[in-house]
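Chemist: Need coordinates for the below:
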Amino acid sequence: MKKKILITGGAGFIGSHVVRLFLNKYPNYDIYNLDALTYAGNLENLTDIENVKNYTFIKGDITDEVFIYKIFSKYKFDSVIHLAAESHVDRSITDPLAFVKTNVIGTMILLNAFKDYWSSNFENKLFYHISTDEVYGTLSETGLFTEETPYNPNSPYSSSKASSDHFVRAYGETYNLPYIISNCSNNYGQNQFPEKLIPLFINNIINNKPLPVYGDGNYTRDWLYVKDHATAIDTIFHNGLNNETYNIGGFNEWKNLDLVKLLCGHMDVKLKRTPKKSEALITFVKDRPGHDLRYAIDASKIKRELGWEPSVTFEEGLKITIDWYLDNNKWLQNVTSGLYQSYYEKQYRK
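Modeler: Residues are numbered from 1 along each chain as shown. So this is what the prediction gives:
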């Protein structure tokens, strides 16, 4: 069946991989990429597919209600894959209202436009909302997040995503709007903006800059290669059940400090440096407020019901990621110029 899919945030890290996957795999679909091109949205992520026949880029903001209604009327999207979001915890602590505006109000504007345009004729329509494991709060040293774990967000970012998840569910209950929600663990891979841990530290190691580790470095995260996340989104979009939630994870937990040391070792080999040279750059910095101790996803539901599981081990994915950043230094230099520098100096001061 031919579909007209709006992918929001499609010039960002995860979004660009989803756009590329759908364009390459489904040439009969019309794919529309809506992105505001803020600091993390970058059309350089999509230069290889920008001229594909069934691809349309739309520059715009999901918080612009008039604009959103206009493009729904013009393009008649029958499905939405909603990735556009403010997503960095550190930035949410500095400017929480920006996260409410984009993640909550922006999501509601999209929901309203989808609901009003189709006027309850929702057959073969879908609003797929991409969320995070951070809505569940924090775990102790044991246990896993399941789809039934109560929400308990601890940062402005996770609170804004939790709120948007609730509104999506409410529109399903109130207006019979067909939706699916997925909550994913930490992603890593090509094209990730270097405010997040792995690309930040790759960039710093290249430039012999300190590696700022929060607190004692014992915070634990579950890591998933971004292309595996994209295939999970594809699987859920086509085979997931309406009004269901699916957790996506890598079954791959790492303490931050252990991950950084592993990364340092790989970088020393790639850069032909003496062993432990990069590790000497590790610098412990003041912890951020409300820092969650541990995230860990139970992804057994999506494996059991939809047959998806990660295809790339962390060691493999990390090596692929390092190679990509080393081979794309111009991209890295472009995205770390200008405002990035002032943000970095403010965020990671001792």
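
Chemist: Please count neighbours and contacts with C-alpha atoms only from this point.
Modeler: OK.

Chemist: in what helix or strand does residue 312 lie?
Modeler: Assessed by DSSP states H and E, residue 312 sits outside every helix and strand.

Chemist: Just the pLDDT for it.
Modeler: For residue 312, the model assigns a pLDDT of 94.

Chemist: ok, now residue 173?
Modeler: With respect to pLDDT, residue 173 has a value of 97.

Chemist: again, but for residue 179
Modeler: Looking at residue 179, the pLDDT reads 98.

Chemist: Does it have any beta-bridge partners, and if so which?
Modeler: residue 127 (DSSP bridges).

Chemist: for it, what are its contacts?
Modeler: Residue 179 makes contact with 126-129, 168-169, 172, 242-244, according to C-alpha atoms under 8 Å, 6 or more residues apart in numbering.

Chemist: if you set the cut-off to 6 Å instead, what comes out?
Modeler: Residues in contact with residue 179 (C-alpha atoms under 6 Å, 6 or more residues apart in numbering) are 126-128, 242-243.

Chemist: ranking the residues you listed by neighbours, who comes first?
Modeler: residue 127 (26 neighbours; other C-alpha atoms under 10 Å).

Chemist: State the distance from it to residue 260.
Modeler: Here the criterion is C-alpha to C-alpha, to the nearest Å. By it, residue 127 lies 37 Å from residue 260.

Chemist: cool, and residue 233?
Modeler: 28 Å.

Chemist: and what of residue 239?
Modeler: 37 Å.

Chemist: distance of residue 221 from residue 259?
Modeler: 10 Å.

Chemist: Between these two, tell me which one has more neighbours.
Modeler: Taking other C-alpha under 10 Å, residue 221 and residue 259 do not tie; residue 221 has more neighbours (21 against 18).

Chemist: Can I get the one helix or strand residue 182 maps to in PDB? Just the C-alpha atoms.
Modeler: Assigned by DSSP H and E, residue 182 belongs to strand 179-184. Extracted in PDB, the C-alpha atoms of strand 179-184 (Å, rounded to 0.1, in the frame of the first residue of the first chain):
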ATOM      1  CA  TYR A 179      -1.200   5.500  18.000                       C
ATOM      2  CA  ILE A 180       1.900   3.500  18.900                       C
ATOM      3  CA  ILE A 181       4.600   4.600  21.400                       C
ATOM      4  CA  SER A 182       8.100   3.200  21.700                       C
ATOM      5  CA  ASN A 183      10.500   4.000  24.500                       C
ATOM      6  CA  CYS A 184      14.200   3.500  23.600                       C
END
